[in-house]
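# this one's structure only:
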């Protein structure tokens with residue numbers, strides 16, 4: 001923190017205090033933090049007789065007219081004197097090199113609190129309020145809402161029935177619930193309107209004001225310019241696209257928060273390594289912190305922010321087109337942009353791209369080798385007795401080690417899409433789908449399963465325990481079968497993280513679920529064959545075109561193969577993180593903070609890795625219980641694959657589909673014709689026997705490989721020509737239709753259908 005930088009938030013508070021507004025007493029720590037003793041000495045001088053404090057951020061860029069950075073930086077409430085230095089240190093660490101200061105302020109033990117927008121758009125005023133502390137409103141929990149016109153007349157109000165309120169009692173934050181009475185009186189509403197309009201006039205812009213009442217006195221906790229109005233004409237676009245392939249169905253909060261962090265980190269790094277200054281990237285946390293959207297427990301791309309991210313780099317139209325191709329986007333909108341590259345970057349960017357292309361083979365080779373080594377090291381590290389603090393330290397180190405240079409995989413993906421775009425333009429989809437098959441990690445996995453099944457079956461005593469699904473006896477017997485044991489260890493080391501829903505931290509892998517493992521090996525113990533067409537296709541066109549596109553095709557297959565290898569590394573990385581959080585769950589159960597180990601998956605990362613003795617850790621059981629009920633209800637809901645809404649609107653639900661009597665039209669993917677019986681998989685499962693020919697599913701991820709390997713045909717609702725199902729089916733020669741929307745609801749187990757992978761037509765026989 002450079003000396004003299006106190007940040008916009010502190011500047012506003014000083015200005016308001018000087019003007020005579022009721023502001024809780026505070027002082028600002030600017031410059032380098034020295035010691036706990038120095039802070040306590042200043043507290044005794046400037047805030048004597050106060051027991052609890054709020055420790056707030058005040059970054060230079062925070063609360064500006066352009067960007068608010070609301071909630072981006074660390075803050076803490078109800079902080080005792082002995083913890084002031086530690087919490088001030090946490091604020092400084094959260095800046096990550098940005099300029100700013102720390103506010104130490106008296107903590108007001110309020111009776112009711114909330115936020116008011118002096119102009120939420122269209123001249124309307126909005127008040128959100130609740131009993132107790134302001135935390136519940138700021139965090140977006142259930143609260144009361146009042147909408148008023150610019151004269152202060154009530155337009156509408158919503159009084160929540162099941163409010164939770166936080167109160168400080170005996171140094172701990174307690175939760176009171178459920179509260180159904182109205183939180184504000186008419187007199188209090190009028191006070192809030194008057195002071196909001198007064199502040200708007202004084203500060204010369206509409207204000208977002210955090211306030212509280214304590215014993216009838218109204219305090220202003222902070223006031224910032226409104227940077228994004230509630231009532232506006234902006235349209236937000238959300239698309240599940242290919243993210244539903246990796247995160248299908250309901251995804252629990254821990255996975256959602258981890259995925260958000262991954263996307264933020266990787267794409268920030270991508271831009272920095274594309275010539276964008278880090279400080280420019282840091283000025284847009286609202287973009288990178290919200291690359292994803294979450295509705296009814298489902299995960300979507302926030303397309304507005306993806307388009308904004310693409311605008312940082314020269315060639316927006318090209319970047320946008322490649323992006324839409326890469327994620328198989330259903331939405332192709334033009335949105336208003338206020339971001340653009342500098343002239344300097346436009347000049348040097350082509351040279352940077354050429355430099356990267358020249359050294360990319362070496363770059364990605366080093367990346368894969370280094371990442372595989374880190375995964376192997378973590379895989380063989382035992383954490384069975386690790387403490388909470390040790391787990392947190394490992395998590396932070398893993399983020400540093402495993403995410404380092406992960407942006408390289410995105411660069412590889414863009415190369416795949418660039419070469420794919422050239423081929424598509426040259427030949428079109430019909431010819432292209434027969435040209436782009438390549439060897440992938442998934443087919444190698446199927447070969448590895450077949451080999452492992454053969455080794456286990458060759459040891460009769462071992463195989464008999466597998467058939468009985470007797471885990472204890474199987475592993476006892478395995479010690480006497482060295483070949484099978486060696487093969488199994490090699491399989492888990494290479495493919496241990498690859499299974500259905502592998503990127504959901506709440507999923508169980510094959511090492512945790514012996515029944516699944518036994519079922520797969522049993523099914524693969526019988527001879528498995530695929531009719532992959534290994535003949536080479538001749539490229540159409542003249543000699544020059546054939547030679548040029550032949551080179552492009554070769555590059556495409558190379559980068560596509562690397563893409564699949566990177567996805568396997570990603571799967572194994574998530575397996576390491578899953579193991580870590582499983583241990584954290586055990587530790588929190590032992591501490592009495594949660595009831596069951598699996599409760600950990602209903603928490604977000606910041607809730608888990610907050611300080612174990614902080615007030616926020618005390619109510620995690622209630623949070624888990626409420627979220628479990630909420631997420632269970634999501635299972636009965638079917639949201640659409642993509643949609644557009646205005647801010648504040650609820651996401652729509654899918655409408656019932658009209659069922660066809662005889663035919664369903666999808667997109668041709670892998671050529672071939674097959675008649676057979678279907679089995680509909682609404683979610684991944686391993687069947688006890690193979691009584692089907694064709695697998696029907698909404699999505700598949702790489703973890704479905706073992707199931708795909710058992711099928712003779714595939715029908716997939718969503719996905720593109722480069723989705724996982726497409727890649728594997730093409731390699732194995734399994735006739736496949738993609739984009740057959742509604743097919744999961746239309747077909748029933750055992751129905752006989754004809755699947756034409758060349759035309760995309762599905763006929764019910």
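Thanks, I have the structure now. Everything numeric here is computed off the predicted structure, so don't read it as measured data.

# tell me which helix or strand of this protein sits lowest on mean pLDDT?
Using mean pLDDT, DSSP states H and E, helix 724-732 stands out as the lowest-scoring helix or strand of the chain, at a mean of 78.

# Check which element follows that one along the chain.
If you walk from helix 724-732 toward the C-terminus, the next helix or strand you reach (DSSP states H and E) is strand 736-738.

# ok, and what's touching that next one?
Residues external to strand 736-738 that are found in contact with it (CB atoms under 8 Å, 6 or more residues apart in numbering): 666-670, 713-716, 718-721, 723, 725-726, 729-730, 755-757, 760-762. (Each C-beta comes from the backbone N, C-alpha and C, glycine too.)

# Take the residues you listed and keep only those in strands.
Secondary structure from DSSP state E places 667, 668, 669, 670, 713, 714, 715, 716, 755, 756, 761, 762 of the contacts of strand 736-738 in strands.

# Now do the residue lying closest to the last one once chain neighbours are set aside: how many residues are near it, please.
Here the nearest residue to residue 762 in space, its sequence neighbours aside, is residue 664; by CB to CB, 6 or more residues apart in numbering that works out to 4.3 Å. Residues near residue 664, counting by other CB atoms under 10 Å, number 21.

# sec struct for residue 664, please.
When classified by DSSP: H, G, I helix; E, B strand; the rest coil, residue 664 comes out as strand.

# list the contacts for it?
Residue 664 sits in contact with 740, 742, 743, 746, 761, 762, 764, where contact means CB under 8 Å, 6+ apart.

# Stretch 137-150: end-to-end distance?
Counting by CA to CA, to the nearest Å, you get 23 Å between the two ends of stretch 137-150.

# List the buried residues in that stretch.
Buried residues in stretch 137-150, counted by 16 or more other CB atoms under 10 Å: 137, 138, 141, 142, 143, 144, 146, 147, 148.

# Show the pLDDT at the second one.
Each residue has a pLDDT score; the one for residue 138 is 81.

# shouldn't it be in contact with residue 208?
No. Between residue 138 and residue 208 there is no contact under CB atoms under 8 Å: 10.9 Å.

# residues shared between the contacts of the two?
residue 115.

# and residue 416, backbone torsions?
phi -60, psi -50 (degrees, to the nearest 10).

# give the contact list for it.
Counting by CB under 8 Å, 6+ apart, residue 416 makes contact with 326, 556, 559, 560, 563, 722.

# Among those, which are located in helices?
In this view, the contacts of residue 416 that belong to helices under DSSP state H are 326, 556, 559, 560, 563.

# Can you lay out the contacts of residue 416 as JSON lines showing pLDDT and distance to residue 490?
Listed next are these as JSON lines, based on pLDDT from 0 to 100; distance: CB to CB, whole Å:
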{"residue": "326", "pLDDT": "77", "distance to residue 490": "33"}
{"residue": "556", "pLDDT": "85", "distance to residue 490": "30"}
{"residue": "559", "pLDDT": "88", "distance to residue 490": "27"}
{"residue": "560", "pLDDT": "86", "distance to residue 490": "25"}
{"residue": "563", "pLDDT": "88", "distance to residue 490": "24"}
{"residue": "722", "pLDDT": "69", "distance to residue 490": "29"}
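
# Could you identify the buried members of those?
The buried subset of the contacts of residue 416 - by 16+ other CB under 10 Å - is 326, 556, 559, 560, 563, 722.

# Of all pairs in those residues, which one is the farthest apart?
Greatest spatial distance in the buried ones among the contacts of residue 416: 326 and 556, 13.3 Å, computed using CB to CB.

# Can you list the buried residues in stretch 459-471?
Under 16+ other CB under 10 Å, the buried positions of stretch 459-471 are 459, 462, 463, 465, 466.

# How about residues contacting the least confident helix or strand of the chain?
Under CB under 8 Å, 6+ apart, the answer for helix 724-732 is 245, 433, 436-440, 442-443, 446, 530, 532, 560, 564, 669-670, 697, 700-702, 704-705, 708-709, 714, 716, 719-720, 734-736, 738.

# Now a ChimeraX select for only the buried ones of those residues.
Buried subset of the contacts of helix 724-732, written as a ChimeraX selection, criterion 16+ other CB under 10 Å:
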select :245,433,436,437,438,440,442,443,446,560,564,669,670,697,700,701,702,704,705,708,709,714,716,719,720,734,735,736,738
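
# Find the nearest non-adjacent residue to the most centrally placed residue in the chain, please.
The residue lying closest to the centre of the chain (CA atoms, centre = their mean) is residue 259, at 2.8 Å. Using CB to CB, 6+ apart and skipping residues adjacent in sequence, the residue nearest residue 259 is residue 292, 6.2 Å away.

# Please enumerate the strands of the stretch 101-250 of the chain.
Per DSSP state E, counting those that start in this stretch, the stretch 101-250 of the chain carries strands over the ranges 112-117, 125-131, 144-148, 154-158, 163-169, 172-179, 207-214, 217-225, 236-239.

# okay, the angle between the fifth one and strand 112-117?
Think strand 163-169. Inter-element angle recorded for strand 163-169 and strand 112-117: 120 degrees (by axes from the mean of the first three to the mean of the last three CA atoms, to 10 degrees).

# Could you list the buried residues of strand 163-169?
163, 164, 165, 166, 168.

# with those residues in mind, which one is nearest to residue 485?
Ranked by distance to residue 485 (CB to CB), those are led by residue 164 at 52.6 Å.

# pretty sure residue 550 contacts residue 540?
No. Using CB under 8 Å, residue 550 is not in contact with residue 540; the gap is 11.5 Å.

# Show me where the stretch 151-300 of the chain has its helices.
According to DSSP state H, counting those that start in this stretch, the stretch 151-300 of the chain carries its helices in the segments 186-203, 243-246, 253-272, 278-282, 285-288.

# and the fourth one, what other elements does it pack with?
Meaning helix 278-282. Counting contacts by 3 or more CB pairs under 8 Å, 6 or more residues apart in numbering; DSSP states H and E, helix 278-282 is packed against helix 253-272.

# So which elements touch the helix it packs on?
helix 278-282, helix 285-288, strand 292-295, helix 388-403, helix 407-432, helix 605-608.

# Contacts only, for the closest residue to residue 210 other than its chain neighbours.
Counting by CB to CB, 6+ apart, residue 210 lies nearest to residue 221, which is 4.3 Å off, once chain neighbours are set aside. If you count contacts by CB under 8 Å, 6+ apart, residue 221 has them with 24, 54, 108, 113, 134, 210, 211, 212.

# which stretches of the stretch 651-765 of the chain have low pLDDT?
Scanning the stretch 651-765 of the chain for pLDDT under 70 picks out the ranges 655-661, 720-722.

# ugh, wrong one, I meant the stretch 101-250 of the chain
Counting by pLDDT under 70, the stretch 101-250 of the chain shows low-confidence ranges at 122, 227-233.

# do the same with the stretch 351-500 of the chain
For the stretch 351-500 of the chain, the stretches with pLDDT under 70 are 429-431, 433-434, 438.

# gap between the residue lying closest to residue 524 once chain neighbours are set aside and residue 484?
Leaving aside its sequence neighbours, residue 524 sits nearest to residue 453 (CB to CB, 6+ apart; 4.1 Å). Noted for residue 453: a distance of 10 Å to residue 484, by CB to CB, to the nearest Å.
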